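Novice: got a predicted structure here, sequence first:
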Amino acid sequence: MRKTDKKLEAQLIEALTQVCEQAKSQYPGFSWLTHKVNFQRFPDSLSLVCVFDTNQELRAFNADANATAGLQALVKQQLASISIKPNKAVPLVFDTEENCQHQDNGSWSRRLERR
């Protein structure tokens, strides 16, 4: 990773931490998020994995027609705060702690490798 990539990664983590904290207060069961990025194709390669505690909480989130758009707006706002403006909406993938426990014995590193 180049020095500029490391600096950008640090800014990205800070912005996404803000997204996470806001999402935890807005969406019941929202637990954490992580990102994947290829800096050779940044910002278009950026994607997020958003994790809820349970499948029931994720279903409730998905039942709210405005929830995904609201989360996308949070992401867009925080990225703009560090002067990052992707050409398209950042892809969001949703998962749960419950699924990870049942399918991967709680190993998020193994689970995220397959995404």
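Specialist: Perfect, I can see it now.

Novice: count of neighbours near the closest residue to residue 30 other than its chain neighbours?
Specialist: Distance criterion Cβ to Cβ, 6 or more residues apart in numbering; nearest residue to residue 30, sequence neighbours excluded, is residue 23 at 4.6 Å. (Each C-beta comes from the backbone N, C-alpha and C, glycine too.) Other residues near residue 23 come to 21 when the count uses other Cβ atoms under 10 Å.

Novice: I'd assumed residue 72 was in contact with residue 23.
Specialist: No: assessed by Cβ atoms under 8 Å, residue 23 is found out of contact with residue 72, at 11.0 Å.

Novice: helix/strand/coil for the residue most central in space within the chain?
Specialist: Nearest to the geometric centre of the chain sits residue 48, at 3.2 Å (Cα atoms, centre = their mean). In three-state terms, and counting by DSSP: H, G, I helix; E, B strand; the rest coil, residue 48 is strand.

Novice: show me what it is bridged to.
Specialist: Taking DSSP bridges, one obtains residue 35, residue 92 as the residues bridged to residue 48.

Novice: ok, residue 111 to residue 79 distance?
Specialist: To residue 79, residue 111 is 25 Å away according to Cβ to Cβ, to the nearest Å.
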